[in-house]
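below is the sequence, then the predicted model.
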Amino acid sequence: MRKCLHENTERFKRKSSWAIRKQKRNKIKVKHENYLSSLPSVKLPEELCIDKETERNALLTAISQINSHIKTHNIVLLDFSHTKTIHATAMLLLNSHIRQIIDNNSTLKFKFRLPHNPKVKQVLKQIGLLDHINEKLRVNPTDHDVIHWKCVSGQYVNNELSAKLFTDDLEVHINDQLFAAFAEAMANSVEHAYEGIALTENTDKWWMFMQTKDNYMSVALCDLGIGIPESLTRKDASWKQRAIDAVGIEKIDKYLIEAAVQESKSRHRDKKERGKGLSQIVSAVNNYGKEAGFIIYSNHGCYKKFFGDKKADKLTTHNYKNSINGTIISWKVPIDRQAS
Amino acid sequence: MKPETTISIAKDFSSYPGGRYKTHGPYTGEGFREELLIPALKEYSKVIVNFDGGRGYNSSFLEEAFGGLIRKHNFTYQELKERLIIDCNLPSIKLEIDQYIKEAQEQTMLQNA
């Protein structure tokens, strides 16, 4: 009987201790939630996407709110609790903005309301965003769609870093033409994209996502500079009027992106030289055949080219209502074979 | 002057050069020109620049490295044609460099006129 009483007492003590601990944890949780609720917050949309007009506007509004809050507050809450779907180019844009803000504001802190969606949690962990802001998240990326993404950034032209990324996992061979084209895109981000924009010493100028998966390599490079349309009109002011005459003032960005691609191609067509800049990238991706594709987002405009046989070869351009205030160049090429 | 030397960009400078000015990165066209090319042209009557083993020779690297010889160091197109040999198995790069040197010469002549 005495033994039974003793065991019951011990069990009661353990249960009480557990209950007390649980109560404490709940109190901390409530306190933490109250704290987060008191912060200026930005709710990220359910779908992070820059391709569809509504979703793009929602993301750009959120980015604008972030920039607005940081002017008057030192801590801002990013609320990912409702985010369910992430497109790579949209995440790259958001990531670039957040990291640039952090680089430029040493006293600023971001807090996160973490996503409920497990895949979104994995994405935030995989791209290192949470580590970057010292947010502890006990999740190991395991999803097939997540684990192959890599994220790097830099202030300088760093082709060695790119080469290492491209060859790291699968010893993927990226041909010299495509590599040179990528080097060109990175150089443009460093050398031209920020003309007239004052940056602090430690600010990165480009951010890149890269993935090799299912026999494809996808790369996206982002800068938050003046954009291709602005860059073209600064080189030659007549382009703006030409664009207005061709498509009207509200659609000039898509026209100017296409013009930038064509202009760099036509200057070199007869000279048998390598193209420069955008045409070099387009040409390099084209050589990977019909499974390759290429997208440029710059300011309001978008230029998409999916290569195929002559019937399937498709170019589309689009002008969006709101600007991404920068440029994202993205391509996808098959990696199970060399370019022709 | 000594007769001839060869500079291997990949071995003597970087396997992954890129960018225009030194402020743009660690292995830029300006860096290559000032650290390797100019000293070689001062010491040797013929300089061979070998491109084997390197990747990512973007246009601004090439233009600053070679076009800069005219713009910044007063070489002439003719002089470089005799003394500078581009050893590269990609004809497009040779052509591109030749174009940059020519354009730099034309711009310099215009400015001096």
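That came in fine, so what should we check first? These numbers come from a predicted model, not from an experiment.

centroid-nearest residue for chain B?
Centroid-nearest residue in chain B: B:Phe66, 3.1 Å away (criterion: C-alpha atoms, centre = their mean).

counting by contacts, list what the biggest helix by length in chain B packs against.
Longest helix in chain B by number of residues (criterion: DSSP state H): helix B:91-112. Judged by 3 or more C-beta pairs under 8 Å, 6 or more residues apart in numbering or on different chains; DSSP states H and E, the packing partners of helix B:91-112 are helix B:59-62, helix B:68-73, helix B:77-83, strand B:84-87. Where C-beta positions appear, they are placed from N, C-alpha and C, glycine not excepted.

mind running it again at 6 Å?
Judged by 3 or more C-beta pairs under 6 Å, 6 or more residues apart in numbering or on different chains; DSSP states H and E, helix B:91-112 is in contact with helix B:68-73, helix B:77-83.

in the longest one, what's buried?
Translated: helix B:77-83. For helix B:77-83, burial by neighbour count (16 or more other C-beta atoms under 10 Å in any protein chain shown) applies to B:77, B:80, B:83.

for the residue lying closest to the first one once chain neighbours are set aside, grab the count of nearby residues.
The shortest distance from B:Tyr77 to any non-neighbouring residue, by C-beta to C-beta, 6 or more residues apart in numbering or on different chains, is to B:Gln105 (4.2 Å). B:Gln105 has 19 neighbouring residues, counting by other C-beta atoms under 10 Å in any protein chain shown.

check what pLDDT the residue nearest to the residue nearest to the centre of chain B when sequence neighbours are not counted gets.
Leaving aside its sequence neighbours, B:Phe66 sits nearest to B:Ile97 (C-beta to C-beta, 6+ apart; 4.9 Å). For B:Ile97, the model assigns a pLDDT of 95.

A:Ala220 reaches A:Phe209, doesn't it?
Yes. Between A:Ala220 and A:Phe209 a contact is recorded at 4.8 Å, counting by C-beta atoms under 6 Å.

next, the buried residues of the helix or strand hosting A:Leu92.
A:Leu92 belongs to helix A:88-104 when assigned by DSSP states H and E. Residues of helix A:88-104 classed as buried: A:88-103 (neighbour count, 16+ other C-beta under 10 Å).

and stretch A:325-338, how far out from the chain middle?
Its chain's C-alpha centre and that of stretch A:325-338 lie 13 Å apart, by C-alpha atoms, centre = their mean, to the nearest Å.

please read the previous query as pertaining to stretch A:28-47.
Distance, centroid of stretch A:28-47 to centroid of chain: 23 Å (C-alpha atoms, centre = their mean).

start and end of it, how far apart?
Start and end residues of stretch A:28-47 are separated by 31 Å (C-alpha to C-alpha, to the nearest Å).

just the buried residues of that stretch, please?
A:39, A:41-45, A:47.

with stretch A:188-208 instead?
A:188-194, A:203-208.

distance of A:Met208 from chain B?
For A:Met208, the distance to chain B (C-beta to the nearest C-beta, to the nearest Å) stands at 14 Å.

re the thing from before, name the residues contacting each of A:Ala220 and A:Phe209.
Common contacts of A:Ala220 and A:Phe209 (C-beta atoms under 6 Å, 6 or more residues apart in numbering or on different chains): A:88, A:92.

residue contacts, A:Lys109?
Contact analysis of A:Lys109 by C-beta under 6 Å, 6+ apart lists A:Ile75.

tell me the pLDDT at it?
On pLDDT, A:Lys109 comes in at 89.

tell me the SS of A:Ser153?
Following DSSP: H, G, I helix; E, B strand; the rest coil, the label given to A:Ser153 is strand.

for it, give me its contacts.
By C-beta under 6 Å, 6+ apart, the contact set of A:Ser153 is A:204, A:207.

switch to 10 Å and redo it
A:95-96, A:99-100, A:103, A:128, A:132, A:161, A:203-209, A:221-222 (C-beta atoms under 10 Å, 6 or more residues apart in numbering or on different chains).

tell me what it is bridged to.
Listed by DSSP bridges, the beta-bridge partners for A:Ser153 are A:Trp207.

I'd like the distance between it and A:Val333.
From A:Ser153 over to A:Val333 the distance is 22 Å, taken as C-beta to C-beta, to the nearest Å.

do B:Ile48 as well
B:Ile48 sits 34 Å away from A:Val333, going by C-beta to C-beta.

more crowded one of these two?
Using other C-beta under 10 Å, the more surrounded residue of B:Ile48 and A:Val333 is A:Val333, with 25 against 15.

just to revisit the earlier point, quick one: neighbours of the residue nearest to B:Phe66, just the number.
23.

dump the residue contacts of it.
A:273, B:49, B:51, B:57, B:62-63, B:65-67, B:80, B:84, B:86, B:88.

what of A:Gln100?
Counted by C-beta under 10 Å, 6+ apart, A:Gln100 has contacts A:153, A:199-200, A:203-205, A:207, A:223-224, A:326.

residues in chain B within reach of chain A, list them.
Applying C-beta under 10 Å from any C-beta of the partner chain, one finds that chain B approaches chain A through B:14-29, B:54-64, B:90-100.

filter these down to the buried ones and express that as a PyMOL selection.
Selection command for PyMOL covering only the buried members of these, criterion 16+ other C-beta under 10 Å:
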select buried, chain B and resi 14+15+16+17+18+19+20+21+22+24+25+27+28+29+54+55+56+57+58+59+60+61+62+63+64+92+93+94+95+96+97+98+99+100
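
ranges for the helices of the stretch 101-250 of chain A?
In the stretch 101-250 of chain A, the helices defined using DSSP state H, counting those that start in this stretch lie at A:118-126, A:129-132, A:159-167, A:176-191, A:228-235, A:238-247.

tell me which element the closest residue to A:Ile66 other than its chain neighbours falls in.
Sequence neighbours aside, A:Val42 is the residue nearest to A:Ile66 in space, at 5.2 Å (criterion: C-beta to C-beta, 6+ apart). Assessed by DSSP H and E, A:Val42 sits inside strand A:41-43.

what's that strand packed up against?
Counting contacts by 3 or more C-beta pairs under 10 Å, 6 or more residues apart in numbering or on different chains; DSSP states H and E, strand A:41-43 packs against helix A:53-69, strand A:75-79, strand A:109-113.

I appreciate the help and will end here.
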